[in-house]
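Visitor: Predicted model and sequence below, questions to follow.
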Amino acid sequence: MFDEYCASLDAGIAEKWRLITPWIPRSDSGDIVDVGSGTGTLAAMLKRAHPRHGLIAIDHDARMVSAARRRHGAGRNLSFRLDDAARVHSTKAVAVVLSSVLHEVYSDHGDSLAAVLAALRSARASLAPGGRIIIRDFVRPGDAGREVIFRHSNRDIVHPHDFESFLKSFRRSAHIQGVWPGALWTSYRTDLGTALEFLLRKDFHSSWGAQLREHYAFWTLEDAMRLVARAGLRLIFHRLFSSQWLLRARWLGKVELLDPETLNPLPYPAQQLLLVAESLQAWMAPAPTASKPAGHRVEESYTAPWTLAPVRSAPVRSAPLRMEFASDASLSTAPVKKAPLSPALLISARKKSVPRASTRLQ
């Protein structure tokens, strides 16, 4: 079961590699720190591409660290360490990679934004002049409270890991207003944020219980930008995007989102973000080793081939942004308003389905 979980983590590793590696600064020395290294596969790939750098891979799970050592070995310039994201792991890092780890930091510390901020500050303290922090993680849509119809192909549903079971077990707020089983699809009226939380974990059957303890899309892009600024970092690039691998392998033909009023298909929301930042001190006195990938643009319009509308990156601000939090409470979505469902939804593919009573699960 553990090996199956490791395989699921590495399934989209090539896409992660293509996103992250262009942002590693060119340098003849220094460390690359991979925080939340998991299976160690990304760390090993980074080491092969940057042999002059020391590679320090950090994970808080002892089983993962042991598995990474068995798979990839270890040596003077490649080490897999059992440690915490809130600690400083180097003082000469050209890059600190935080890939799919900050949502775990947030969840493991009781849904704490303060814990995420501490991890970002530790990453900044690990940087050498000209070094960068590269963040890739899940993101919450700005319209997460929007009502949607979520349809799930019956062939893809695995009990007891279906949407209703998820709602009963997920310890954060989640909402449902109706369930309509059909011959080919089962439909649910819910909000976009709740649907996305389920979609991002629906295929982790071997680690279902552990996945329910995590809040994947815990921040919006604006939240992330404020935290980065508060950590003493200057944002030099950001982008929202959809994982092409995720869509092809797990979503297309298996799950759909519909407008509850018109029943027209909705595009899948961008579910991931990429942020690249550097220390404010480095910005005031830039080091010559810093580099940008060829064709880099701070402001860009990015249209994924599977979405209906472009996602536009906003201009990067040169001054730290103010950040105010009333508390470190979960960034849960607000309950959606109850409204009658169109009868047209009750027809699923070929047969008319039988609606169950409208329910709300806490």
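Guide: Arrived safely, thanks for sending.
Visitor: who's in contact with residue 257?
Guide: 148-151, 192, 195, 265-268 (Cβ atoms under 8 Å, 6 or more residues apart in numbering). Placement of C-beta: from N, CA and C, glycine included.
Visitor: Tell me which of those fall in strands.
Guide: Here DSSP state E is the test, and the contacts of residue 257 give 148-151 as lying in strands.
Visitor: which among those residues end up buried?
Guide: 148-151 (16 or more other Cβ atoms under 10 Å).
Visitor: May I see the residues you listed arranged in JSON lines, with pLDDT and distance to residue 118 as well?
Guide: Below are these laid out as JSON lines (pLDDT from 0 to 100; distance: Cβ to Cβ, whole Å):
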{"residue": "148", "pLDDT": "98", "distance to residue 118": "35"}
{"residue": "149", "pLDDT": "98", "distance to residue 118": "40"}
{"residue": "150", "pLDDT": "97", "distance to residue 118": "35"}
{"residue": "151", "pLDDT": "98", "distance to residue 118": "40"}
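Visitor: Between the residues you listed, which sits nearest residue 17?
Guide: Lowest distance from residue 17 to those (Cβ to Cβ) belongs to residue 150, with 31.1 Å.
Visitor: Once you drop chain neighbours, what's closest to that closest one?
Guide: Take residue 150 and drop its neighbours on the chain: the residue closest to it by Cβ to Cβ, 6 or more residues apart in numbering is residue 195, 4.3 Å away.
Visitor: Was I right to think that neighbour contacts residue 148?
Guide: Yes: assessed by Cβ atoms under 8 Å, residue 195 is found in contact with residue 148 at 5.9 Å.
Visitor: So the chain: which segments form each domain?
Guide: The record's domain split for the chain, according to automatic domain parsing, is 2-140+217-251+267-312, 147-204+332-352.
Visitor: So for residue 261, which of those domains sits nearest?
Guide: In terms of Cβ to Cβ, the element of the domains of the chain nearest to residue 261 is domain 147-204+332-352, at 7.1 Å.
Visitor: Just give me how far that closest one sits from the chain centre.
Guide: The chain centre lies 21 Å from the centre of domain 147-204+332-352; the measure is Cα atoms, centre = their mean, to the nearest Å.
Visitor: coming back round to it: out of the domains of the chain, which comes closest to residue 259?
Guide: For residue 259, the closest of these is domain 147-204+332-352, at 7.3 Å, according to Cβ to Cβ.
Visitor: follow-up on the earlier one: got the buried ones among the ones in strands among the contacts of residue 257 as CSV, with distance to residue 10 columns?
Guide: Output for these, formatted as CSV (distance: Cβ to Cβ, whole Å):
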residue, distance to residue 10
148, 31
149, 33
150, 28
151, 29
